[in-house]
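In: Can you look at this prediction? I've put the sequence above it.
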Amino acid sequence: MGLKEILLEINDETSVINSPTFDIISRDARILPSLDDSDLTFANFDTNSKKVKMIETCVLYIDIRRSTKLNFEHQRPTLVKLYCSFIKGVTKCAEFFGGKVKNIVGDRVMFLFEPEGCCKNAVDAAVLLNTFCTYILNKYFKLNEVSCGIGIDFGKMMAAKAGSVKHGVKKAEHQSIVWLGPPANVASKLADVANKNISRRIVLVGRYNQYGGRFWSDLEIDDFFESLESTYTWPMVARFKYPYGNIWTFFKTLAFRYYPTILMTKKVYDGYRTICSDDSAIRKRLWKPQKISEIESYGIVYGGNVIYIFGKDLHRDKGNQPLFARKK
């Protein structure tokens, strides 16, 4: 088969899949489906259909911060040990609370939890993951250079079988389940910003108070422009709307905000708080609301650097010498 023929074949298959007569048959699931689930199928061009499943549960992402920098600063055998330790450790931590690995891409791992008690299990797993990365994995490196970011969301996701069948034979390397829906995307975005100092452009505004004194406040770029209105009269082409008339100066600058290691949506937090209202992290209000512009439209996010205290004892263990050395 030549290049033209393969493109024609792909074009025909794509056309069939995207036609109005091609049916997506969806069923609700109460447990996480597996690859051999009979209700998940590849695209069937004989029946013009594909079976998928819908499930409502928690998805958790974790990845290593500054992984690119680590790749440049350490030798390849060191990196193999690091990633092997990371993947093996986080998998055991999540599995302890019923999490199941659904995707691994480099230093990023995706876990899903069975629907029953998923909010509690996902948050408990996140705390254990944070403890492992902070007090076990990190102790083999200098200057606390290994850290992680964790994101969790809850909601409905579609499980669809992806891949191909080669010459009538199903091969594992050509098959997988893809998880589609907002929770996977939101959890991934939360993991991206967790445990980071994020910069954003703002306008620092100097104002007068009612007594004639001066004070500073900041506005997002979009809010600043919303505070202006055109005058259509030269030389004053714009002016501040009410109640911004007390501004005496302003300038653009950068603002930095640190986000905790574990970030979860309000749906996850509410689900966890309902089940674990007596949990010490809830009682001590260790989970605090966060303002994250990247997913602001999605709702409130809660975050915290919560760990299991007994992990500190493992970190203090002087019997373990560092396994990983910096590249000289």
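Out: Yep, that arrived.
In: what comes up buried for the host helix or strand of Ile198?
Out: In the assignment (DSSP states H and E), Ile198 maps to strand 196-208. Counting neighbours by 16 or more other CB atoms under 10 Å, one finds that the buried residues in strand 196-208 are Lys196, Ile202, Val203, Leu204, Val205, Arg207. Where C-beta positions appear, they are placed from N, C-alpha and C, glycine not excepted.
In: which residues does the first one bridge with?
Out: Right, Lys196. Residues in a beta bridge with Lys196, per DSSP bridges, are Tyr259.
In: repeat for the last one
Out: Arg207 has the following beta-bridge partners by DSSP bridges: Phe215, Ile247.
In: next one: the second one
Out: With DSSP bridges applied, Ile202 shows beta-bridge pairing to Glu220, Thr253.
In: hmm, back to that, rebuild the buried residues of strand 196-208 as a markdown table, extending it with pLDDT and distance to Tyr83.
Out: Output for the buried residues of strand 196-208, formatted as a markdown table (pLDDT from 0 to 100; distance: CB to CB, whole Å):
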| residue | pLDDT | distance to Tyr83 |
| --- | --- | --- |
| Lys196 | 86 | 20 |
| Ile202 | 79 | 37 |
| Val203 | 83 | 42 |
| Leu204 | 85 | 42 |
| Val205 | 84 | 46 |
| Arg207 | 82 | 51 |
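In: any idea which of these is the one closest to Met157?
Out: Using CB to CB, the shortest approach to Met157 within those belongs to Lys196, at 25.5 Å.
In: where does the stretch 51-200 of the chain have low pLDDT?
Out: 66-76, 141-145, 164-175 (pLDDT under 70).
In: Recalculate using a threshold of 50.
Out: 173-174 (pLDDT under 50).
In: Can you check the pLDDT for Leu263?
Out: The score at Leu263 is 96. That number is its pLDDT.
In: What values do phi and psi take at it?
Out: Backbone geometry at Leu263, expressed as degrees, to the nearest 10, gives phi -120, psi 140.
In: How about the contacts made by it?
Out: Neighbouring residues of Leu263 by CB atoms under 8 Å, 6 or more residues apart in numbering: 149-152, 190-191, 193-194, 290, 292, 301-303.
In: list the buried ones in stretch 272-283?
Out: For stretch 272-283, by 16+ other CB under 10 Å, it's Tyr272, Arg273, Cys276, Asp279, Ala281.
In: again, but for stretch 116-133
Out: For stretch 116-133, using 16+ other CB under 10 Å, the buried residues are 117-133.
In: Grab the nearest non-local neighbour of Gly271.
Out: With CB to CB, 6 or more residues apart in numbering as the criterion, Gly271 has its nearest non-adjacent residue at 3.0 Å, and that residue is Cys119.
In: Hmm, Val268 and the one you found touching each other?
Out: Yes: applying CB atoms under 8 Å as the test, Cys119 and Val268 come out as touching, 5.2 Å apart.
In: Now do the SS call for Ser110.
Out: Quick fix: residue 110 reads Met, not Ser. strand (DSSP: H, G, I helix; E, B strand; the rest coil).
In: which helix of this protein spans the most residues?
Out: helix 76-96 (DSSP state H).
In: which other helices and strands contact it?
Out: With contacts taken as 3 or more CB pairs under 8 Å, 6 or more residues apart in numbering; DSSP states H and E, helix 76-96 sits against strand 49-64, helix 67-73, strand 99-105, strand 108-113, helix 118-135.
In: so how far is it off the chain centroid?
Out: 19 Å (CA atoms, centre = their mean, to the nearest Å).
In: Report the separation between Phe225 and Lys252.
Out: The gap separating Phe225 from Lys252 is 12 Å, by CB to CB, to the nearest Å.
In: Ignore what I typed, I meant Lys139.
Out: Applying CB to CB to Lys139 and Lys252 gives a distance of 42 Å.
In: now swap in Asn121 and tell me
Out: 45 Å.
In: tell me the contacts of Glu9?
Out: Here Glu9 is in contact with Met1 (CB under 8 Å, 6+ apart).
In: Gly151 pairs with what?
Out: Beta-bridge pairing for Gly151 (DSSP bridges): Tyr61, Leu263.
In: List of residues touching stretch 281-298?
Out: Taking CB under 8 Å, 6+ apart as the rule, stretch 281-298 contacts 127, 182, 186, 189-190, 192-193, 200, 220, 257, 259-260, 263-265, 269, 272-273, 276, 280, 300-304, 306.
In: Got a ChimeraX select line for the buried ones in those?
Out: Buried members of these, defined by 16+ other CB under 10 Å, are picked up in ChimeraX with:
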select :127,186,189,190,192,193,259,260,263,264,265,269,272,273,276,301,302,303,304,306
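In: So which of the contacts of stretch 281-298 sit within strands?
Out: Counting by DSSP state E, those place Arg200, Glu220, Arg257, Tyr259, Leu263, Met264, Thr265, Val301, Tyr302, Gly303, Gly304 in strands.
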